[in-house]
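S.K.: Have a look; sequence and predicted model below, questions after that.
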Amino acid sequence: MKSIIINQKQYFNSNATKPVAFRLEQLKKLRTVLKANEKMLTEAVYKDFQKGSYNTFLTEFAGVYVALNDAIKNVGRWSKIKRAGTSMVNFPGSSYVIPEPLGSCLVIGSWNYPINLTLVPAIAAMVAGNTVVMKPSELSAHTSAALANIISNNFDPSYFAVLEGGVDVTTEALSQPFDKIFFTGSVPVGKVVYQAASKNLVPVTLELGGKSPLIIAPDANLKTTVKRLVWGKFVNAGQTCVAPDYVLVHKSIEIDFLSTLKNEIAKGDFFLENDNYAQIISEKHFDRLTSMIEPTKVFIGGNHDRSKRFIAPTVLVNVTEDDKIMADEVFGPILPVMIYENIDDAITFIKARPKPLSLYLFSESSSLRKKIWGEISFGGGMVNDVLMHFVNESLPFGGVGNSGMGNYHGEAGFKTFSHFKSVIHRPTLLEFPLKYFPFTKLKFALIKKAFGV
């Protein structure tokens, strides 16, 4: 590991990664390599989750190709030196902002979308001109091995390397003097990463999670609301950081909502055998999830099979804030439903908890939309849909507070892996004497006037 980092720092200091032409070449190469190995990676994901090829392309490859195409299209524009305004005290002069790569970057991916959540931040590091050490999650072991195989066979490790292994490997990597660390995962592990990085003063981006609420107002289009909710909650068996974690539905539409929800889930055909669903990643996570299911509160589902790591889409009703399901992020196919009567009470309930990664509102009211946006802090979200903000490269993606720090996607990712140097160029032909010795009363009066005092 140390030799990889030393070699990457030497390679970076050679300036080989900085030209836009080099970045374009490597991004296009990664796109070609992914297309050539898409079948192998899809099979690896199936071994980890029993996800079919359609599901895997939709939730893994699509976002990666979008990120690659966007980076290839815009790397030249993002990398340009930009002119900035020059203050009067620096007249005559020209001011510039110069984007430069940070150096050797560590990208620690997450297991729930092991291709997308590992490669997309790596792409952001590449487009910014850095070298990359990528650490896929050991929980999705087959996908980790496949990623390591295709990267090591196609890229010089002095530029792009992959580390495989468990906690011990990650711990060792965090102790190294990287120039940037990007981590996607849970809040507890995010705190460990942040603490470890602080010892070397390494800047960190943390993409974490939290209990993302979904509010359903009385005027919501229930048919569309439920259709989009069921997809967003149960895709990948709920193992999605931006999935709706719990629902706050207005009391006046509770019965209609639950009835519509039951019908929509029944149509979903959520079984592993038809490639329409996904396994829970491990028995440990399976046990954690099933311990949250209170049998007396099950409205739909509740059945599970540990031998297959299968949990059916499950809806819990009559949920209170004291229930176990409301203590931590669910991160699985269990949906707690809570009732509210007054929107201010719902807002107060959300604000009493750590800031969520995402928030979703289903309503036709523009005034309610503005109220929610103005009063609740959250990473990002949607009105009348779920999850899809994650695949808009024009929007920065990231959390706030407990749900993360920093962001990426599109130009935001380029900025995350860049430093912006500020430079002023002054000509030598003209000079004003006010700042130079000796200081006089006249100079003092003139300089105060120049600063508007």
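M.R.: Sure, I can see it. Since the structure is predicted, the reported quantities are computational estimates derived from the model, not experimental observations.
S.K.: Give me the contacts around the worst-scoring helix or strand of the chain on mean pLDDT.
M.R.: The weakest-scoring helix or strand in the chain, judged by mean pLDDT, DSSP states H and E, is helix 441-450 (a mean of 91). The set of residues external to helix 441-450 that reach it, using Cβ atoms under 8 Å, 6 or more residues apart in numbering, is 88, 89, 433, 434, 435. From N, CA and C alone the C-beta is placed, and that goes for glycine too.
S.K.: what's the neighbour count on the residue nearest to residue 171 when sequence neighbours are not counted?
M.R.: Leaving aside its chain neighbours, residue 171 sits nearest to residue 196 (7.5 Å; criterion: Cβ to Cβ, 6 or more residues apart in numbering). Applying other Cβ atoms under 10 Å, we find 18 other residues in the vicinity of residue 196.
S.K.: Which two of the contacts of helix 441-450 have the greatest separation?
M.R.: Greatest spatial distance in the contacts of helix 441-450: 88 and 433, 15.5 Å, computed using Cβ to Cβ.
S.K.: need the strands for the stretch 351-453 of the chain, in chain order.
M.R.: Under the criterion DSSP state E, counting those that start in this stretch, strands of the stretch 351-453 of the chain are mapped to 358-362, 380-383, 404-405, 418-425.
S.K.: As CSV, those with distance to residue 79 would be great.
M.R.: Rendered in CSV, the data for these read as follows (distance: least, Cβ to Cβ, whole Å):
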stretch, distance to residue 79
strand 358-362, 31
strand 380-383, 26
strand 404-405, 25
strand 418-425, 9
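S.K.: Quickly list the domain ranges of the chain.
M.R.: 2-208+403-420, 213-396 (automatic domain parsing).
S.K.: can you put those domains in TSV and add distance to residue 444?
M.R.: What follows is the domains of the chain, written out as TSV (distance: least, Cβ to Cβ, whole Å):
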stretch	distance to residue 444
domain 2-208+403-420	15
domain 213-396	46
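S.K.: Can you lay out those domains as CSV showing distance to residue 449 and mean pLDDT?
M.R.: Output for those, formatted as CSV (distance: least, Cβ to Cβ, whole Å; pLDDT from 0 to 100):
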stretch, distance to residue 449, mean pLDDT
domain 2-208+403-420, 11, 97
domain 213-396, 42, 97
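S.K.: And stretch 199-211, end to end?
M.R.: Stretch 199-211 has its terminal residues 30 Å apart, counting by Cα to Cα, to the nearest Å.
S.K.: list the buried ones in stretch 320-329?
M.R.: Judged by neighbour count using 16 or more other Cβ atoms under 10 Å, the buried positions of stretch 320-329 are 325, 326, 328, 329.
S.K.: need the contact list for the second one.
M.R.: Residue 326 sits next to 211, 246, 319, 320, 336 when contact means Cβ under 8 Å, 6+ apart.
S.K.: among those, which two are most distant?
M.R.: The largest distance within the contacts of residue 326, taken as Cβ to Cβ, falls between 211 and 320 and amounts to 14.3 Å.
S.K.: hang on, the earlier thing: right, and out of the contacts of helix 441-450, which lies closest to residue 226?
M.R.: Distances from residue 226 to these, taken by Cβ to Cβ, are shortest for residue 88, at 59.8 Å.
S.K.: Could I get the full set of strands for the stretch 51-200 of the chain?
M.R.: Assignment of strands within the stretch 51-200 of the chain using DSSP E, counting those that start in this stretch yields the ranges 82-84, 94-101, 104-108, 131-135, 160-162, 180-184.
S.K.: could those go into TSV alongside mean neighbour count?
M.R.: Output for the strands of the stretch 51-200 of the chain, formatted as TSV (neighbours: other Cβ atoms under 10 Å):
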stretch	mean neighbour count
strand 82-84	11
strand 94-101	16
strand 104-108	27
strand 131-135	25
strand 160-162	23
strand 180-184	26
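S.K.: who's in contact with the closest residue to residue 152 other than its chain neighbours?
M.R.: For residue 152, the nearest residue in space outside its immediate sequence neighbours is residue 162; the separation is 6.1 Å by Cβ to Cβ, 6+ apart. Residues touching residue 162, when contacts are defined by Cβ under 8 Å, 6+ apart, comprise 133, 134, 135, 136, 147, 148, 151, 152.
S.K.: just residue 9 next, same as before
M.R.: 103, 104, 131.
S.K.: make it 7 Å
M.R.: In this structure, residue 9 makes contact with 103, 104, judged by Cβ atoms under 7 Å, 6 or more residues apart in numbering.
S.K.: repeat for residue 89
M.R.: Residue 89 sits in contact with residue 450, where contact means Cβ under 7 Å, 6+ apart.
S.K.: re earlier: the strands of the stretch 51-200 of the chain into CSV, with extra columns for distance to residue 392?
M.R.: As requested, the strands of the stretch 51-200 of the chain are exported to CSV (distance: least, Cβ to Cβ, whole Å):
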stretch, distance to residue 392
strand 82-84, 24
strand 94-101, 22
strand 104-108, 21
strand 131-135, 24
strand 160-162, 26
strand 180-184, 18
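S.K.: Kindly provide the distance from residue 297 to residue 122.
M.R.: Going from residue 297 to residue 122 by Cβ to Cβ, to the nearest Å gives 42 Å.
S.K.: Counting neighbours, go ahead and name the busier of the two.
M.R.: More neighbours surround residue 122 than the other of residue 297 and residue 122, with 26 against 18 (other Cβ under 10 Å).
S.K.: just checking, the more buried one touches residue 108?
M.R.: No. Between residue 122 and residue 108 there is no contact, the gap being 10.5 Å when judged by Cβ atoms under 7 Å.
S.K.: burial count for residue 360?
M.R.: By other Cβ under 10 Å, neighbour count at residue 360 equals 28.
S.K.: got the contact list for it?
M.R.: When contacts are counted by Cβ under 7 Å, 6+ apart, residue 360 touches 214, 215, 244, 381, 382, 386.
S.K.: Brilliant, that's me finished.
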